[in-house]
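> predicted coordinates and the sequence they were generated for:
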Amino acid sequence: MKFLVFLEDHEGRLQKDSLGVLSKAASLGGEVEGVVLGSEIEGLAAEAGRFGAQRVHVLDDVLLGAPLPQPRVDALENLLRDRGFDAVLFAASVLSADVAAGLAARLDAGLNYDLADLVVEDGKLVGKRPALGDSVYADVGWTSEPCLALVRSGTFEPAESGGSAEVETFESRLQDFSLAATMVERAHEESEGPSIEDADVIVAGGRGLGGPENFALVEELAKALGGAVAATRAVVDAGWYPYAAQVGQTGKTVSPKLYVAVGISGAIQHKVGMQGSGLIVAINKDPNAPIFEYADLGVVGDLHEIVPKLTELVRARKAA
Amino acid sequence: MKIAVCAKYVPEATAARRIDPQTKRLDRSGEGALNPFDVNAVEEALKLGEAAGADDGEVVIVSLGPERALDAMRRALAMGADRIVLVADEAAAGSDLVATSRILAAALERESPDLVLFGQQADDADGAVLWAAVADRLQRPLISQVADLTLEDGKVRGKRQTEYGYDVIDAPLPAVVAVSDAINEPRYPSLKGIMGAKKKPQETLSLADLGVPADEAGEAGSRTTVQALSDPPARGDTVKIEDDGSGAEKILEFLQERKAL
Amino acid sequence: MRPSDFPPPFDPAEFVVAPGEAEIEVGVLIVGAGPAGLACAIRLGQLLEGAPELAERLGDVPVAVLEKGKQPGSHLLSGAVVNPGSLRRLFAGRVTTREMPFYGRVEHESVYLLTSRRALRIPTPPTMRNGGNYITSLSQLGRWLAERAEEAGATILPETSGHALLAGDGRVRGVRTGDRGRGRGGEELGNFEPGSDVHARVTVLAEGTQGHLTGVALQRFALEGQNPQVWALGVKEVWKVAKPLDHVIHTMGWPLRAAAKYREFGGSFVYPMGDEMVTLGMVVGLDHSDAELSVHDLLQELKTHPFLRKLLEGGERVAWGAKTIPEGGFLSLPKRLHAPGLLICGDGAGLVNVPALKGIHYAVESGRLAAEAAFAALQRGESPGRRGALARYDESLRESFVWRDLRQVRNMRQAFGRGFWLGGALAGAMTASRGAFPPGNVHAEPDTDQELIRTGRAASYPKADGKLTFDKLSSVFLSGNQTRDDAPNHIRLQREVPRELAELWTNMCPAAVYEVAENGVEVTPSNCVQCGAITAKGGRLTPPEGGAGPEYKLT
């Protein structure tokens, strides 16, 4: 199969998720090419070779300087013409999702999204996507070419294969309507850390903390892990933490790579807000807490002892 | 100023949802409701209309779904929207992104609105990013993930929420905007609104009315398939340990093993 | 210590307001889209069809029905085995039982006396025979009746609660609906929407058990009867089953205790819902004395009995819910069910035949009769606000089978206050004598007046295993309850109460709303499924904002 992987860049680096999808494509065998679209991004193309791209197509145009989707649809449409790609893969992001969907309409090509895995079966690409709140998986396919696939963020880890890529620049006419939206002000890194919806790591506190002052333990661990702080309905109700941090049926739904539940019993009202998390670690002194039924690692013990210690250990590990 | 809101009829929340083992898609035969995320879009349309103050403004709800979706869409009318246009055609059942965007674009072209609003996503986990496909078909500028929206002088300015913070993006009208659920707190319909909803115009269209041939809709017009269902990969057994003083170390080990650090 | 020692901070006068300018005017306003309210709406529609001049005089909205749930059926829960007679009468034969949302006729039935290990078949008491009756989900029946009511021209207003009565000059003028969009402290949130004053010529209260405005009206118009009302709490589940059940089952005995001091009056039911589902529930009188009694947990315990375990084997729980049932019967009925401009129907009035476990067909009949009384009082030359204008409702109710049935079984529930065995004997005597024996009327005490005892009952409740037995929180989730957390507390309750009372409430509540706290009780109102149990035991439930609470579908 011949894959084209959309490589997203931000502040001079190729995004980890994009490189993950690239590595995955490389592991599926066949021809793998990447595409980088932006302004002053030529230098990034080479990096793609290390992660499995045999060739990287680059469109360097000041009109693509802002991370807006529509001009990228034009560029990809041009690139895909007559080149015989079987599939175009995207690592999901705010930008790439809009690009993939716009491209689907432009080419009348099928787009499967929220994919948690990709395989090749009998020479055809098959995607696997969770449904019904992650309680069931569906095998999804395409009836057209190219197959457009949007992969869930954080699904594949980048793996260096040590290769190098041929860099090919190309040009594209960009449509008027595609250029009509303009970036007035670019986003800058949030200084307080990620919001809970985007965070890769969340440390959440529940009733077991005992009092609002103990949220400091949760915050310290979150900081050490580079994550966000969340709270259960019970503690938000009690006024220990703001509603914006509430995870659960009547709060936010999150799916970070790591969810550390501190002093949380894990009733279903909370579970439905975080059950899609990659890894769940629970610390609770009640051995019968429901959370132990679905956590990957459960530690029955005193959070007031365990959490500060864990924070120290994480800090030490990261410093090393 | 005419604002069209694309709204979806989704199966009733949570506990009752099932996947139909034959079609392998979400069973939509039961009760349904107006997608909660689209309620934010309806609210935003109403707010923009009220801010503009014009008497000739109109908020029209455009939807693709079964006939009984009208009941659920009426909530939008109760909130203050003026009209519903529902594309209800059996041939459209099972439409994927490609087919759905085609049908919606045709319905929206017929309405020719100044602004098209979408909600953040569909609560049934289907149809995400529909707005980008529709914007491309309509050949209109797009702003998505908008947490704040203002209308000024023939253009919209949206604050787009991304992984890196907020962008501010301008788009001239006519435009397509997808709003996030952070943008507003939807109003409760007033009693008068609920009572008046039924009297407002509710139009049902077929694919033929839109000039969309049946083979470009539904499964025939889709480009993706659902082939099989399986259980999710097992989470793995829960490892449960008692803290004997080394709990923190064991957690660190675990995180390292699983490459979570 | 008794719950009545700590009465709730509730004054009915707070919920009677002077009618000001009419914001909305309707002809007849019905509060509650349950079987009583919808039957009233349907009958009114039929009558108005033949009286176009009156219909026009009633304005744009001749008949409006307020429903506090998300939609009709969301807050409806019952067993249920329904006597179809009233429904047939309501539709004047134009709708057959085949068109009604029934799961089939009762063909076989049995009654069992359970011990902890055995199930002893006993003869079906005559009051409980269900031949000719149909099994239904009240929630689905409500949904269906709402559609018929809309077809008949009624306007149904979901997500709208009745907050206060508009009354002045001794007559009821309508209802003020509840506010929406207030925060926990009562403050107005960004999307605050105030309630509306809805004026109506006739207001019909069909709120069901523990009806809020009903309670207010009974007090305001001095309508209360000779016996206080008493309640039972029913908690039920619906299961998908591997093997179809082919008969209706009622049980008595285990896990309830027979001795008089426990005052554990009740039993369980198991009804087939078609071939694929079964509903089962536990019903226990709220005059029980044990502070640790939890009907939800008794239901879980019941399921561990070999007889029931076998029925549910290979099955899956698909619904859960709870609701109180008025059990005072005839002697607890209000002395009058009308006041100027006001009519009271259904469970709110207490029209339940306890030994037969029937209330739905009485609700339907009372709604129908209320419609006819309202219609008569709206004719030219009459005014529903005039004293006695609606008296025809009470008269027709007294002449109906509703009255006759209830009178016949009037002492039965009170007899069971003497314990299961003596009570059973008394009940038998009452049935055999058609209510002539024992003579007179037995006095009942309010549920709040029962002295609390502790017996370590909770030790026998099974630990939730997530397959056969379930905890309260996951059950609340299954009820579809998604009430927002920052809603104001709609439950009037004293918070600083003795531990024993806090424990009573904690155990009693099927939805885990209450928790024992350091100096009293902690309340999580968003869990509330509005069953009404708290009102029977020292608190006072008022309706939360419209749309809150459970979203029952199969109950």
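Right, received. Where do you want to start? Only a predicted model underlies this, so the values are computations on that prediction, with no experimental measurement involved. Numbering: from 1, shown residues only, chains lettered A, B, ... in the order given.
> drop to CA atoms for contacts and neighbour counts, all remaining ones
OK.
> quick one: buried residues of the strand or helix carrying residue B:108?
Counting by DSSP states H and E, the element that carries residue B:108 is helix B:97-111. For helix B:97-111, a neighbour-count test (16 or more other CA atoms under 10 Å in any protein chain shown) marks B:97-108 as buried.
> again, but for stretch C:237-248
In stretch C:237-248, the ones that count as buried by 16+ other CA under 10 Å are C:237-241, C:243-246, C:248.
> what's the answer for stretch A:196-215, then?
Within stretch A:196-215, judged by 16+ other CA under 10 Å, the buried ones are A:196-209, A:212, A:215.
> so it, near chain B or not?
Yes: for stretch A:196-215 and chain B, the contact criterion (CA under 8 Å from any CA of the partner chain) is met by residue A:198.
> now what about that stretch, what contacts it?
Counting by CA atoms under 8 Å, 6 or more residues apart in numbering or on different chains, stretch A:196-215 makes contact with A:218-219, A:221-222, A:225-232, A:234-235, A:239-241, A:245, A:252-265, A:284-285, A:303-304, B:163, all of which sit outside it.
> make it 7 Å
A:218, A:222, A:226-232, A:234-235, A:240, A:254, A:256-264, B:163 (CA atoms under 7 Å, 6 or more residues apart in numbering or on different chains).
> do stretch B:6-14 as well
Contacts of stretch B:6-14 (CA under 7 Å, 6+ apart): B:17, B:28, B:30-35, B:38, B:61-65, B:69, B:117-118, B:124.
> distance check, the residue of chain C found nearest chain B against residue C:164.
The nearest approach of chain C to chain B comes at residue C:191, 4.9 Å away (CA to the nearest CA). Distance from residue C:191 to residue C:164, counting by CA to CA, to the nearest Å: 22 Å.
> more neighbours: which of those two?
Legend: neighbour count by other CA atoms under 10 Å in any protein chain shown for residue C:191 and residue C:164, higher for residue C:164 (24 against 15).
> which SS class is that one?
Under DSSP: H, G, I helix; E, B strand; the rest coil, residue C:164 falls in the strand class.
> that one: what's it in contact with?
Taking CA under 7 Å, 6+ apart, one finds C:15-17, C:175-177, C:213 in contact with residue C:164.
> okay, and the beta partners of it?
residue C:176 (DSSP bridges).
> also the one 4 residues further on?
As for beta bridges, residue C:168 partners with residue C:171 under DSSP bridges.
> quick one on the thing from earlier: and the buried residues of stretch A:196-215, which is closest to chain B?
Among those, residue A:198 lies closest to chain B (CA to the nearest CA), at 6.4 Å.
> tell me how far that closest one lies from residue A:227.
Residue A:198 is 10 Å from residue A:227, by CA to CA.
> same question for residue C:492.
41 Å.
> residue C:308 now?
Using CA to CA, one obtains 49 Å as the distance from residue C:308 to residue A:227.
> of the two, which one has the most company?
The neighbour comparison of residue C:308 against residue A:227 (other CA under 10 Å) goes to residue A:227, with 24 against 14.
> which residue, other than its chain neighbours, is closest to the more buried one?
Leaving out its chain neighbours, the residue that sits closest to residue A:227 by CA to CA, 6 or more residues apart in numbering or on different chains is residue A:201, at 4.4 Å.
> just list whatever residues bridge to that neighbour.
Here residue A:201, judged by DSSP bridges, has bridge partners residue A:258.
> returning to that earlier point: ok now the next helix or strand after the helix holding residue B:108, how far from the chain's centre?
Scanning forward in sequence from helix B:97-111 by DSSP H and E, the next helix or strand is strand B:115-118. What separates the centre of strand B:115-118 from the centre of its chain is 10 Å, taken as CA atoms, centre = their mean, to the nearest Å.
> so what does strand B:115-118 touch, helix or strand wise?
Under the contact criterion of 3 or more CA pairs under 7 Å, 6 or more residues apart in numbering or on different chains; DSSP states H and E, strand B:115-118 touches strand B:2-7, helix B:36-52, strand B:175-179.
> the helix or strand following it and chain A in contact?
For strand B:115-118, the following helix or strand on the C-terminal side (DSSP H and E) is helix B:130-138. Yes: Helix B:130-138 is in contact with chain A by CA under 7 Å from any CA of the partner chain, via B:130, B:132-133, B:136-137.
> ok, residues contacting the helix ranked longest in chain A?
Across chain A, the helix with the greatest residue count (assigned by DSSP state H) is helix A:303-319. Contacts to helix A:303-319, defined as CA under 7 Å, 6+ apart, come from residues A:217, A:220-221, A:224-225, A:262-263, A:283-284, B:247-249, B:252.
> now, those residues that are in helices?
Filtering the contacts of helix A:303-319 for helices - DSSP H - leaves A:217, A:220-221, A:224-225, B:247-249, B:252.
> low-confidence stretches in the stretch 251-400 of chain C?
Within the stretch 251-400 of chain C, no stretch has pLDDT under 70.
> one more time with 80
Scanning the stretch 251-400 of chain C for pLDDT under 80 picks out the ranges C:260, C:381.
> what does chain A give?
A:42, A:131-135, A:154, A:188-195, A:197-198, A:320.
> which residue ranges of it form helices?
Remark: helices assigned in chain A by DSSP H are A:16-27, A:45-50, A:69-80, A:94-107, A:215-225, A:233-237, A:268-271, A:303-319.
> which helix runs longest in chain C?
Chain C, longest helix under DSSP H: helix C:360-377.
> can you show me the CA trace of it as PDB?
This file holds the C-alpha atoms of helix C:360-377, laid out as PDB (Å, rounded to 0.1, in the frame of the first residue of the first chain):
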ATOM      1  CA  ILE C 360     -54.100   3.300  38.000                       C
ATOM      2  CA  HIS C 361     -57.600   2.600  36.900                       C
ATOM      3  CA  TYR C 362     -58.900   4.700  39.800                       C
ATOM      4  CA  ALA C 363     -56.600   7.500  38.600                       C
ATOM      5  CA  VAL C 364     -58.000   7.300  35.100                       C
ATOM      6  CA  GLU C 365     -61.600   7.200  36.300                       C
ATOM      7  CA  SER C 366     -61.100  10.200  38.700                       C
ATOM      8  CA  GLY C 367     -59.500  12.100  35.900                       C
ATOM      9  CA  ARG C 368     -62.400  11.400  33.600                       C
ATOM     10  CA  LEU C 369     -64.900  12.400  36.300                       C
ATOM     11  CA  ALA C 370     -62.900  15.600  37.000                       C
ATOM     12  CA  ALA C 371     -63.100  16.500  33.300                       C
ATOM     13  CA  GLU C 372     -66.900  16.100  33.300                       C
ATOM     14  CA  ALA C 373     -67.300  18.200  36.400                       C
ATOM     15  CA  ALA C 374     -65.000  20.900  35.000                       C
ATOM     16  CA  PHE C 375     -66.900  20.800  31.700                       C
ATOM     17  CA  ALA C 376     -70.200  21.200  33.400                       C
ATOM     18  CA  ALA C 377     -68.900  24.100  35.500                       C
END
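> give me the next element, helix or strand, following it.
Helix C:360-377 is succeeded, C-terminally, by helix C:391-398 (DSSP H and E).
> just give me how far that next one sits from the chain centre.
Using CA atoms, centre = their mean, the offset of helix C:391-398 from its chain centre is 22 Å.
> from what I see, residue C:248 and residue C:109 are in contact.
Yes: here residue C:248 reaches residue C:109: they are 4.4 Å apart, a contact under CA atoms under 7 Å.
> got a list of contacts for stretch C:503-514?
Counting by CA under 7 Å, 6+ apart, C:291-296, C:322, C:472-473, C:476, C:515-516, C:521-525, C:527-529, C:533 sit against stretch C:503-514.
> tell me who's in contact with the residue nearest to residue A:290 when sequence neighbours are not counted.
Nearest non-adjacent residue to residue A:290, counting by CA to CA, 6+ apart: residue A:266, 5.3 Å away. Contact partners of residue A:266, counting by CA under 7 Å, 6+ apart, are A:289-291.
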